[in-house]
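1. A structural model of the following input is requested.
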Amino acid sequence: MSRPTGGPSDRPVDPSPEALIAGARTVTPLRPLLVRHTGGTRRLWLKLEQENPTGSIKYRTALGLLAALSERLPLTPGSRVVESTSGNLGLALAHLLPRMGCRFLAVVDPKVPSTVQELMRSHGAEVHEVTERDAHDGYLLTRLAKVAELRAADPVLRWTDQYHSPAGPAVHRRVTAAELAEQTGGEVDAVLVAVSTGGTLAGVSEGLRARTSGLRVLAVDVQGSLATGDRAHAHLLTGIGATRRSSLLRPGHYDLAVRVRDVEAFACCRMLSEDTGLRIGGSGGAVLSAYLAQREDGLRHARRPVAVVADGARNYLTTCYDDAWLDEKGIAELVHAEMARARSEGVSFAFEQQPTSPTRPLARRVDQ
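-> Residues are numbered from 1 along each chain as shown. Model prediction:
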C-alpha cells in the first residue's frame with residue numbers, strides 16, 4: 001500500500017495553529033474487509049491510519065496538540081517540547097518539531113522497541129528511557145514523573161500533555177470524525193476505537209455523534225488496563241491501555257468497553273497478515289479481535305461498522321510479528337493456539353475486490 005502524497009519530508013512546517021490543524025486533514029483510506037466465520041461473512045470497514053505521514057493516527061494528534069501549544073504561546077525556533085510516549089506520538093512529534101525549528105524530548109520506557117527509539121533519535125529527538133515500573137506494574141506513571149522532573153529542571157520546557165489537553169480530542173472531533181462521516185455518507189452505525197489516553201475515542205465519538213444518528217461506539221482496551229477497567233496488571237500490547245484512568249473520557253463517549261487479551265490481538269495481527277498481506281499494529285489487532293468477539297452480540301445489528309486501525313506494523317516487526325520475541329515473552333504457543341482456535345471456527349479475512357461504497361445499501365450479512 002502506498003503512502004499518501006505529502007508524506008514525511010524535510011519541508012518546513014508552518015507553526016501557526018490554523019496551518020497545523022489543516023495539516024491533520026490527511027484523508028486516510030477506508031477499505032472494506034470481508035470477515036468470514038462459520039456463521040457467515042460480514043463486511044467491516046477499516047480506517048487505515050498507517051497511511052498518515054508518520055505512519056499512525058498520532059500524526060493528527062500531534063498536530064492538534066502543537067496547534068494548541070502554539071496558540072497559547074507561539075512555538076519559535078529553539079523552543080523545547082517534552083512528551084511521554086509509547087511510540088507513535090513521539091515519532092510524530094520527532095518528525096514535526098525539527099521542521100518548526102524546535103527540539104523534542106521524548107520520555108519512553110522499555111516496551112518501546114529500540115528501532116522506534118532510534119528512529120526518534122534520527123530526527124534529532126532527545127530520548128529519555130525510564131526503567132522502573134509504577135505501582136500498577138506499568139510505566140506510564142513513571143514516565144509522567146520523569147516529565148515532571150525535566151520540566152522542573154527547565155522552566156521554559158513546553159509540554160504537549162496528551163493526557164489532559166482538550167486539543168487531542170478536538171482534532172479528532174473536527175477532522176478525523178468529519179473525514180469518516182464524509183467517507184461513509186454519514187451512514188456509519190458502529191465504530192471501534194482503541195483507547196489509551198482516551199483522546200482519539202472521545203473526539204471520534206463526539207464528532208460522529210454530532211454528524212450521524214444511532215451510532216454505537218465500542219471502546220477497545222487491553223486486559224490489565226485502567227483506561228476502562230478496574231484491575232491493573234502488566235500487558236505486552238503498546239499504544240493501547242493505561243495504568244491510570246483517562247482524564248479525557250466521560251460517560252456517553254462509548255456504549256461498550258471490550259477488553260482484549262494480548263494473545264488475541266497478536267493472533268488477529270498475524271491472521272490478517274497471512275490472509276491479506278496487510279500488517280497492522282497491535283492495537284489494530286485488538287480492535288479486530290473485539291469485532292470478532294462482538295459481531296453476534298454488541299454489533300449484531302451493525303450494517304456499516306468501521307474499525308479505526310491506529311497504525312501499521314513498523315513498530316511491531318520485532319515484537320508481535322517475531323516468533324523469537326513471542327517465545328521470549330512465553331506466549332508463542334498461546335498465540336499459535338489462539339490462531340488455530342480461530343481458524344477452526346472458520347475465521348479468515350479478505351479485502352473485497354470489487355469497489356464498494358459504505359453508503360450503498362448493504363444487507364446485514366454480505367452472504368445473505
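
2. can you pull out the strands in the stretch 101-250 of the chain?
-> Applying DSSP state E, counting those that start in this stretch to the stretch 101-250 of the chain gives strands spanning 103-108, 126-129, 158-159, 190-194, 216-222.

3. Rounded mean pLDDT for the fourth one, please.
-> The reference is to strand 190-194. Per-residue pLDDT over strand 190-194 has a mean of 98.

4. what lines up beside it in the sheet?
-> Strand 190-194 pairs in its sheet with strand 216-222 (parallel), strand 305-309 (parallel), by DSSP bridges.

5. hmm, back to that, right, so of the strands of the stretch 101-250 of the chain, which gets closest to residue 340?
-> strand 216-222 (21.9 Å; Cβ to Cβ). In this view, the C-beta of every residue, glycine as well, is placed from N, C-alpha and C.

6. So which bits of that closest one are buried?
-> Buried positions in strand 216-222, judged by neighbour count with 16 or more other Cβ atoms under 10 Å: 216-222.

7. quick check, nearest of these to residue 294?
-> Nearest to residue 294 among the buried residues of strand 216-222, with distances taken as Cβ to Cβ, is residue 218, at 6.6 Å.

8. contacting residues around that closest one?
-> The contact partners of residue 218, by Cβ atoms under 8 Å, 6 or more residues apart in numbering, come to 190-193, 254-258, 290, 294, 298-299.

9. For those residues, which ChimeraX command selects only the ones that are buried?
-> Here is the ChimeraX selection string for the buried members of the contacts of residue 218, based on 16+ other Cβ under 10 Å:
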select :190,191,192,193,254,256,257,258,290,294,298,299
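
10. re the thing from before, out of the buried residues of strand 216-222, which one sits closest to residue 133?
-> residue 222 (16.4 Å).

11. That closest one and residue 289: what is the separation?
-> Separation of residue 222 from residue 289 (Cβ to Cβ, to the nearest Å) stands at 10 Å.

12. okay, and the common contacts of these two?
-> With Cβ under 8 Å, 6+ apart, residue 222 and residue 289 have common neighbours 260, 265.

13. Is residue 35 in a helix, a strand, or coil?
-> Put simply, residue 35 is strand when judged by DSSP: H, G, I helix; E, B strand; the rest coil.

14. And the pLDDT for it?
-> For residue 35, the predicted pLDDT is 98.

15. Do a quick rundown of the helices in the stretch 1-150 of the chain.
-> 17-23, 58-72, 88-96, 114-122, 140-153 (DSSP state H, counting those that start in this stretch).

16. so which of the ones you listed is the most packed in?
-> When you average the neighbours per residue for each of the helices of the stretch 1-150 of the chain (mean count of other Cβ atoms under 10 Å), helix 88-96 leads with a mean of 27.

17. In terms of secondary structure, what does it contact?
-> helix 58-72, strand 80-84, strand 103-108, helix 114-122 (3 or more Cβ pairs under 8 Å, 6 or more residues apart in numbering; DSSP states H and E).

18. Run through the neighbouring helices and strands of the first one.
-> Packed against helix 58-72, as judged by 3+ Cβ pairs under 8 Å, 6+ apart, are the following elements: helix 17-23, strand 80-84, helix 88-96, helix 167-171.

19. Span of stretch 297-306 from start to end?
-> This stretch, stretch 297-306, spans 16 Å end to end (Cα to Cα, to the nearest Å).

20. in stretch 246-266, what counts as buried?
-> By 16+ other Cβ under 10 Å, the buried positions in stretch 246-266 come out as 246, 248-249, 253-254, 256-266.

21. from these, which is closest to residue 323?
-> Nearest to residue 323 among the buried residues of stretch 246-266, with distances taken as Cβ to Cβ, is residue 266, at 11.0 Å.

22. any idea how far the most centrally placed residue in the chain lies from residue 201?
-> Nearest residue to the geometric centre of the chain (Cα atoms, centre = their mean): residue 310, 3.2 Å. According to Cβ to Cβ, residue 310 and residue 201 sit 11 Å apart.

23. Quickly list what's touching both of these two.
-> Common neighbours of residue 310 and residue 201 (Cβ under 8 Å, 6+ apart) are residue 194.
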